[in-house]
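Asks: take this sequence and fold it.
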Amino acid sequence: MTENIEVFTQNSIRIRTRGLVVYCDPFQMKEEPKDADLILVTHDHYDHFSPEDLKKAACGKTILVVPEKMKGKAEKEAGFIREIQTVKPGESRSVLGLEFDTVPAYNIIKPFHPKSAGWVGYVLHTEEGRIYIAGDTDATKEAGGVKCDIALIPIGGTYTMDARKAADLINKIKPATVIPVHYGSIVGSTRDAEVFSSLVKEPVQVEIRIGQQRG
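Replies: Numbers count the residues shown, from 1 in each chain. Sure, this is the predicted structure:
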């Protein structure tokens, strides 16, 4: 069910669906595939919006989708992209035939990702089901209302929810599969993934992609 999903580091993800190559937040890419049809950015922090890595993923046909409040930054620093589109939290959109919804992504108490910034997560409507890429968020009311088949959820703490709160969220929304992200480089460790996995309840399946062999 998740064979089409690759996780690199942080929230850097590549998904192949509906004949498209879709990236989210490319970061610290070791190769330069230049194969992106669509790149989704959750917010403007350097480990999510990296012009250097956008260049590695983008090609002549790439469309870049960013939150509305970072439109100017995207136009300035990613002018090499063919087309830039903007989104707001709580929207439903279709780009290149791929439908997706945007979910508010923010901290409840911590100051790093204020709700007023308008940052987003994405729920992609793919051939394999609904894939939720949460972005940098806490376990918010909006995240708790997401309906999805596959979830990619931050667990590293500090800037996002930690492993325990992420597990609580997953036990609430009950996707078929969850892949923890946003740990193992800037914040968080493989131990966080172990804690998270131990707390997620059946029948949800946990797939560890960062810091371990895929399984």
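Asks: quick one: low-confidence parts of the protein?
Replies: In the predicted model of the chain, residues 188, 211-215 satisfy pLDDT under 70.
Asks: at which residues are the strands of it located?
Replies: Along the chain, counting by DSSP state E, strands occupy 5-7, 13-17, 20-24, 36-40, 58-67, 83-87, 92-95, 98-104, 120-126, 129-133, 150-154, 177-181, 205-206.
Asks: what are the buried residues along the fifth one?
Replies: Using 16 or more other CB atoms under 10 Å as the burial criterion, the residues of strand 58-67 that qualify are 58, 62-67. From N, CA and C alone the C-beta is placed, and that goes for glycine too.
Asks: thinking again about what came up before, any chance of the strands of the chain in JSON lines with distance to residue 112 as columns?
Replies: What follows is the strands of the chain, written out as JSON lines (distance: least, CB to CB, whole Å):
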{"stretch": "strand 5-7", "distance to residue 112": "22"}
{"stretch": "strand 13-17", "distance to residue 112": "20"}
{"stretch": "strand 20-24", "distance to residue 112": "19"}
{"stretch": "strand 36-40", "distance to residue 112": "20"}
{"stretch": "strand 58-67", "distance to residue 112": "15"}
{"stretch": "strand 83-87", "distance to residue 112": "20"}
{"stretch": "strand 92-95", "distance to residue 112": "26"}
{"stretch": "strand 98-104", "distance to residue 112": "15"}
{"stretch": "strand 120-126", "distance to residue 112": "15"}
{"stretch": "strand 129-133", "distance to residue 112": "18"}
{"stretch": "strand 150-154", "distance to residue 112": "12"}
{"stretch": "strand 177-181", "distance to residue 112": "16"}
{"stretch": "strand 205-206", "distance to residue 112": "26"}
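Asks: from residue 79, how far off is the residue most central in space within the chain?
Replies: For the chain, the residue nearest the mean C-alpha position is residue 133 (3.6 Å; CA atoms, centre = their mean). Distance, residue 133 to residue 79, by CB to CB, to the nearest Å: 25 Å.
Asks: residue 205 now?
Replies: For residue 205 relative to residue 79 (CB to CB), the value is 41 Å.
Asks: now swap in residue 122 and tell me
Replies: 23 Å.
Asks: higher neighbour count, the two?
Replies: residue 122 (24 against 9; other CB atoms under 10 Å).
Asks: my guess is that one contacts residue 104. True?
Replies: No: under the criterion of CB atoms under 8 Å, residue 122 makes no contact with residue 104, lying 11.5 Å away.
Asks: nearest residue to residue 12 in space, please, no chain neighbours.
Replies: residue 27 (4.3 Å; CB to CB, 6 or more residues apart in numbering).
Asks: quick one, what contacts that neighbour?
Replies: If you count contacts by CB atoms under 8 Å, 6 or more residues apart in numbering, residue 27 has them with 8-12, 47-48, 50, 53.
Asks: look up phi and psi at it.
Replies: Backbone torsions of residue 27, given as degrees, to the nearest 10, read phi -160, psi 140.
Asks: likewise the one 4 residues further on?
Replies: Here the main-chain torsion angles of residue 31 (degrees, to the nearest 10) amount to phi -120, psi 170.
Asks: need the nearest residue in space to it, chain neighbours excluded.
Replies: residue 56 (7.1 Å).
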